[in-house]
Structures are given as C-alpha cells and as structure tokens.
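Peer 1: sharing a model that was predicted from the sequence below.
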Amino acid sequence: MTVLMCSTALAACGGSGLSATSEKAAKQTSTTDLTALVKSAKSEGTLTIYTALQTDQMKGWTADFTKKYGVKVKILRLSSATLGTTFQTQQQAGRNQADLLETSNYSQLQGFVQKKWIAKYTPQAADLYPNDRVVAGYMYPLLQSTGGIAWNTKVTPAAVQKKLAADPWNALLDPALKGKIVLISPSNGGSGMAYYANLVYRLGDQYGWSYLEKLAKQKPAITDSVASISQQISAGTYYATDFGEESIFGAAAVEGAPVQFSSLAEMNATQFMQAIPSSAPHPAAARLWSEWTATLAGQQAMTKSAGGESSAKGWTDNTSYADKFSWYKQVADPWVGWRTDPRLQGDNLQKFLAKWNSVFGVRS
C-alpha cells in the first residue's frame, strides 16, 4: 500500500479533466456491473482523497483497500473548513483534483450538492445506514467520533484530574488550569463548532454563554489545528483541552501517550461524511472506494484504523481502546443533530461564530 501526502492544496494529486475512459467508468455503478467497476478502478490505478480525518487514522484503512483492489491512495489532509475552500477554488477553476471528499462539515457538502458539484451515486450497502445519517444518493457516513475533555496525566494535578473525570466541563474552570488549557476554535469547521453548540443550545440551561465567559477567563490558548492539540496535550505543553475526541485521544493513549479523556452523558459527536465530486479525475476508483467503505467489512476496517464508531447495522466496537482502559465509557446519547440545526446555518452560524470570537477576544 502507498499513501502519498500532497504538500499543498493545489498539488498535482490528480488530473484536471475526465478522459473518455473515465466518463464511461463514471457511469458504471454497483447495480450494473461491480466486476467492471473493479477493472476500471484498477486501470485508473490511483485514488485521491481530500479528508478532514487525521493522516494516521487513514493509514490502516487505505492499506486494506489497496491490498484488496490494487489501487494506490493519495491523501490530502485538511481541516473541514479549509478542505471546502480548497475544493471550491479548484472546482471553480476547472482544476478539481479530488476523487473523494471526507468532512464533518455537513452543510458544506449540502452546498456542493446544490451546485451540482457532487455526483449522484448510491453504494450497494446503503441500506445499512439510518435515514437520518445519509443524504440519499449523494452522501454516506464514515465514522462518528464523540467529543470529550482530554488532559495530560503527568502534569495535571491529581485533584484536578479527579474533577476532570467526574465533571469535565466545570473542571476546566479550576484555577490550577488557568493559562494551561488549549481550546479548538469553532472556525475549525463542524467538529470544532459542535462543542460550543452543544453547550449553548442543547445544554444551555446548565452551561450556555455564561459558562463560555467563565472559560474565557481561564486565558486559554486557541487553535484550529486538531493535530497540534493532541501533540500539545501529549507533550504536556498544555494540561487540558476541550477537543478530546475519542478517536484521536483513544488512539494516543493506546500508543502510550500520558493522556485520558472524559465526556458528559450528553455530548456532541462529530459525524464524518463522504461524497464523490462530479468531476472526480478517477471516478471508478472513487466509486469502488464508496462501495467498499459502505460495507460492514469496510466499516470495521475503518474503525480499527481510525477509532470512533460506525452507524452501520451490525457494526461491533473493534477500536484499539474499547476494552483497554477502565476509564473509557461510550457516551449514551451523542448529539449529531447540530449538523442540521437551523441555529447553526447561514447567517445564524456567522452570528454564533462572531459572538464566540467576542467572548474569547479573537479577532475575526
């Protein structure tokens, strides 16, 4: 298996248009001739994925695909917000290089569907997924990663760690953590924004904007880099973070990083979705990936590599951290409804982001 990283958003990770062969392959679907689809994908030889998942999360998953079908995978890893901007810029310039888009920014993908930038395609295993998790014919779910509060178990005072495990959000207000917290910016995209939307809208009676004002007084560092957060907490640069995604920190703990995470009973969950661009340079490979990843086998390969959970019927938890730590507990009622909440769409979202920036003293 080969995973090639693209160094820039406009790196040459694919062609700029569809050949006659590709146009023919784009019309081949699982419901007509899967054998022909596999043959076409192998002849294309390469698949380029623009993803908001971490590169390490993708490695094992793409390795299984390459081993099974002989198609090499190239990865461009970007935040959800940057991924959308990059794809839109390329699309408008007639230079799209993405075969697949994988992002937690649901409304962003919806906008691309409306612009007819997303191909209509239904994988054979589509019925494995609940209706509220798909946009039929266009978008299908990847993993779901539940949010949490994570901390470094070496540098965080023991008394504070007990509080973080028992009552994580209020524990972030402990004076011992002042100047020692790093927060994810909601401008990161869906996954970052969901934490604050959960506090303000779903749990507003208990937390709301008044809680965020208290959190701002803790003088937290703020970043939109998911990778830097996990690195900084693991290294002890900061003691704790609100971006304690289970799929990221669970894997880090398994690898020996001194980290732990805890979630409320009612926590936000990030639902990653994927879609095929209408102008995918390698349309057969894109459709083959969509076919395989939608199957139960593909979903099990995904969560083994990436962590998190699958919404596919029949999926069983095979994450590396599921049975390893006594402190790990699945969230009983993860909230994914923020993706379609009208309070987080269009102008309402911009007002929400502006208020967050004002509370935390961030210049927009």
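Peer 2: Nice, I can see it.

Peer 1: next up, the contacts around the closest residue to Pro123 other than its chain neighbours.
Peer 2: Nearest residue to Pro123 in three dimensions, chain neighbours excluded: Ala294, at 3.9 Å (C-beta to C-beta, 6 or more residues apart in numbering). The way it works is simple: take the backbone N, C-alpha and C, and place the C-beta from them, glycine included. Ala294 sits next to Pro123, Gln124, Ala125, Ala126, Leu128, Tyr129, Tyr140, Ala312 when contact means C-beta atoms under 8 Å, 6 or more residues apart in numbering.

Peer 1: so which of these are in strands?
Peer 2: Tyr140 (DSSP state E).

Peer 1: whichever of the contacts of Ala294 end up buried, select them in PyMOL.
Peer 2: In PyMOL, this line selects whichever of the contacts of Ala294 come out buried by 16 or more other C-beta atoms under 10 Å:
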select buried, resi 123+125+128+129+140+312
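
Peer 1: take the contacts of Ala294 and lay them out in TSV including pLDDT and distance to Lys304.
Peer 2: Shown next, in TSV, are the contacts of Ala294 (pLDDT from 0 to 100; distance: C-beta to C-beta, whole Å):
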residue	pLDDT	distance to Lys304
Pro123	93	20
Gln124	92	22
Ala125	94	18
Ala126	94	22
Leu128	96	17
Tyr129	94	19
Tyr140	93	19
Ala312	95	14
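
Peer 1: the closest residue to Tyr328 other than its chain neighbours: neighbour count?
Peer 2: In space, and not counting its chain neighbours, Tyr328 is closest to Tyr321: 5.8 Å by C-beta to C-beta, 6+ apart. Neighbour count of Tyr321, defined by other C-beta atoms under 10 Å: 19.

Peer 1: quick check: Tyr321 touching Ile248?
Peer 2: No - look at Tyr321 against Ile248 with C-beta atoms under 8 Å: they stay out of range, at 10.6 Å.

Peer 1: which residues are common contacts for those two?
Peer 2: Common contacts of Tyr321 and Ile248 (C-beta under 8 Å, 6+ apart): Gly307.

Peer 1: and which of the contacts of Ala294 is nearest Lys116?
Peer 2: Nearest to Lys116 out of these is Tyr140 (C-beta to C-beta; 18.4 Å).

Peer 1: got the contact list for the closest one?
Peer 2: Per C-beta under 8 Å, 6+ apart, neighbours of Tyr140: Pro123, Ala126, Tyr129, Val134, Met273, Gln274, Ala275, Ser290, Ala294.

Peer 1: and Gln114, how far from Val135?
Peer 2: Distance, Gln114 to Val135, using C-beta to C-beta, to the nearest Å: 11 Å.

Peer 1: of the two, who's got more company?
Peer 2: The residue with more neighbours, out of Gln114 and Val135, is Val135; 16 against 9, by other C-beta under 10 Å.

Peer 1: need the contact list for the more buried one.
Peer 2: Val135 neighbours (C-beta under 8 Å, 6+ apart): Leu109, Gln110, Val113, Met273.

Peer 1: switch to 10 Å and redo it
Peer 2: Going by C-beta atoms under 10 Å, 6 or more residues apart in numbering, Val135 touches Tyr106, Leu109, Gln110, Val113, Ile118, Pro141, Met273, Ala275.

Peer 1: in the sheet, who's paired with it?
Peer 2: Met139 (DSSP bridges).

Peer 1: renumber starting at 639 from here on
Peer 2: Will do, 639 is the new start, and the previous item becomes Val773.

Peer 1: which residues of the stretch 739-888 of the chain fall in strands?
Peer 2: 778-784, 787-790, 819-822, 859-861, 878-879 (DSSP state E, counting those that start in this stretch).

Peer 1: in which helix or strand would I find Gln937?
Peer 2: Gln937 belongs to helix 934-944 when assigned by DSSP states H and E.

Peer 1: neighbours around Leu780, how many?
Peer 2: Leu780, neighbours per other C-beta under 10 Å, totals 26.

Peer 1: now do the one 3 residues further on
Peer 2: Around Ser783 there are 27 other residues, counting by other C-beta under 10 Å.
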